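Engineer: Sequence first, then the predicted structure:
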2 protein chains.
Amino acid sequence: MTSARTRVRRLPEKQVRDLEAMHAILDAAYVAQVGISVDGQPFVVPMACARDGDHLLLHGSTGSRLMRTLAEGGPVCVSVLHLDGLVYARSAFESSMNYRSATILGVAEQVPDDEMLPALERLTEHLFPGRWAELRPPKKKELAATLVIRVPLDEWSVKVGEGYGEDDPDDLDETVWAGVVPLATVAGQPEDAPDLKSGQVRGRPPGCG
Amino acid sequence: MTSARTRVRRLPEKQVRDLEAMHAILDAAYVAQVGISVDGQPFVVPMACARDGDHLLLHGSTGSRLMRTLAEGGPVCVSVLHLDGLVYARSAFESSMNYRSATILGVAEQVPDDEMLPALERLTEHLFPGRWAELRPPKKKELAATLVIRVPLDEWSVKVGEGYGEDDPDDLDETVWAGVVPLATVAGQPEDAPDLKSGQVRGRPPGCG
């Protein structure tokens, strides 16, 4: 839902109001940049994230100031960005980037103890698909050291920049090249841990020979 | 310089105090996540960035609330992240990501009018190397619509996660695979703008046939 606070003022033609588009941006992200404010000073911290229905899950140590601030319900802003390309226009002014960006405002809450296991499963499965079933269950002391936080996906905005530069008509005859250099994040071949023992192959990600 | 505010409390063994490491992280980034606080509400906005010596440059529209807040010298937090890999450990608890992360706290200032052109050149050249010389100079109305901001690189922290999972000794005999799936951002082949005219080839980025 777009509120007065999340209405896009700059380049409003790039705003997308589609819930599925927001979900897709979050679902393609491993990391969110999480902003809190402490006595007027903003702090922005990158954190692993996973969408769980209409919430975004984050997790961290019970010893983290950020996590405790979030658990206590301070206002939060979460920014997720995918950079898709460098847009070479015919002027510096119109040169830009292609991207998909989601911003969420809200108040976080701690996931209660009896919902922690499914939340951790969701986080693990988002980052490491299929892994939860391959790993031993979390130990009590591990759960006790972990805070899981959720941010409701109620107040959000999405901006998408795509396509080519929108050059000023006066610039269209410049002899300079115009176009896009696409950017993408790609996964390489899995690399075995140096202490991997013979037979430790269960759950090896695809692509590993 | 690390201050009490930028001392790394969580996983302090990942903190790097090397100025060159911080510079390298910024120099490898197209985008920074810029956090401000407005009446206690954090806002985090992705912005193109370029390091210029001991400052980080940002730019945007004079009509942007974020840019005006920055120009007025409100406290800012800038977060830059490079995600380098997914770390498959032998437990969910030790599973993590490899990354290089820089965080800058400070007060931004507006770049004065007589330094705007070199600052815009720096931003353009960082994102589009070699491009500034190929493009016509900015027009007065374009400069008038642009704010350039710089954040001093005085108070910062760097965290780097690398290598493999640090499994609990009890888990080393689990039969599950352990290792890293590397992640990287790669540029694809340049794509011509649909309105590119014959002969508009000057400054075409390398890699385009």
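Structural biologist: Sure, I can see it.

Engineer: going forward, measure contacts between C-alpha atoms and count neighbours the same way
Structural biologist: Noted.

Engineer: Distance check, the nearest residue to residue A:95 once chain neighbours are set aside against residue B:30.
Structural biologist: Nearest non-adjacent residue to residue A:95, counting by Cα to Cα, 6 or more residues apart in numbering or on different chains: residue A:89, 4.7 Å away. Noted for residue A:89: a distance of 17 Å to residue B:30, by Cα to Cα, to the nearest Å.

Engineer: Please enumerate the helices of chain A.
Structural biologist: A:19-27, A:65-71, A:116-127, A:140-144 (DSSP state H).

Engineer: check contacts around residue A:196.
Structural biologist: B:177-179 (Cα atoms under 8 Å, 6 or more residues apart in numbering or on different chains).

Engineer: Try it again at 7 Å.
Structural biologist: Shown in contact with residue A:196 (Cα atoms under 7 Å, 6 or more residues apart in numbering or on different chains): residue B:178.

Engineer: Show me which strand runs longest in chain A.
Structural biologist: strand A:75-88 (DSSP state E).

Engineer: which other residues reach it?
Structural biologist: A:26, A:32-36, A:95-108, A:164-165, A:178-184, B:41-45.

Engineer: Now a ChimeraX select for only the buried ones of the residues you listed.
Structural biologist: For the buried members of those, the matching ChimeraX selection, counting by 16 or more other Cα atoms under 10 Å in any protein chain shown, is:
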select /A:26,32,33,34,35,36,95,96,97,98,99,100,101,102,103,104,105,106,107,108,164,165,178,179,180,181,182,183 /B:41,42,43,44,45
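
Engineer: Any stretches of chain A with poor pLDDT?
Structural biologist: A:1-2, A:207-209 (pLDDT under 70).

Engineer: Strands of that one, start to end?
Structural biologist: Going by DSSP E, chain A shows strands at A:15-16, A:31-38, A:41-52, A:55-61, A:75-88, A:96-107, A:109-110, A:146-152, A:155-161, A:179-187, A:191-192.

Engineer: Now for residue A:127: which residues touch it?
Structural biologist: Per Cα under 7 Å, 6+ apart, neighbours of residue A:127: residue A:30.

Engineer: Equivalent analysis for residue A:178, please.
Structural biologist: A:88-90, B:192-193, B:196.

Engineer: Please produce JSON lines containing the residues you listed, extended by distance to residue A:206.
Structural biologist: Output for the contacts of residue A:178, formatted as JSON lines (distance: Cα to Cα, whole Å):
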{"residue": "A:88", "distance to residue A:206": "36"}
{"residue": "A:89", "distance to residue A:206": "39"}
{"residue": "A:90", "distance to residue A:206": "43"}
{"residue": "B:192", "distance to residue A:206": "34"}
{"residue": "B:193", "distance to residue A:206": "36"}
{"residue": "B:196", "distance to residue A:206": "41"}
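
Engineer: partners of the residue nearest to residue A:120 when sequence neighbours are not counted in the sheet?
Structural biologist: Leaving aside its sequence neighbours, residue A:120 sits nearest to residue A:148 (Cα to Cα, 6+ apart; 7.7 Å). For residue A:148, the beta-bridge partners under DSSP bridges are residue A:59.
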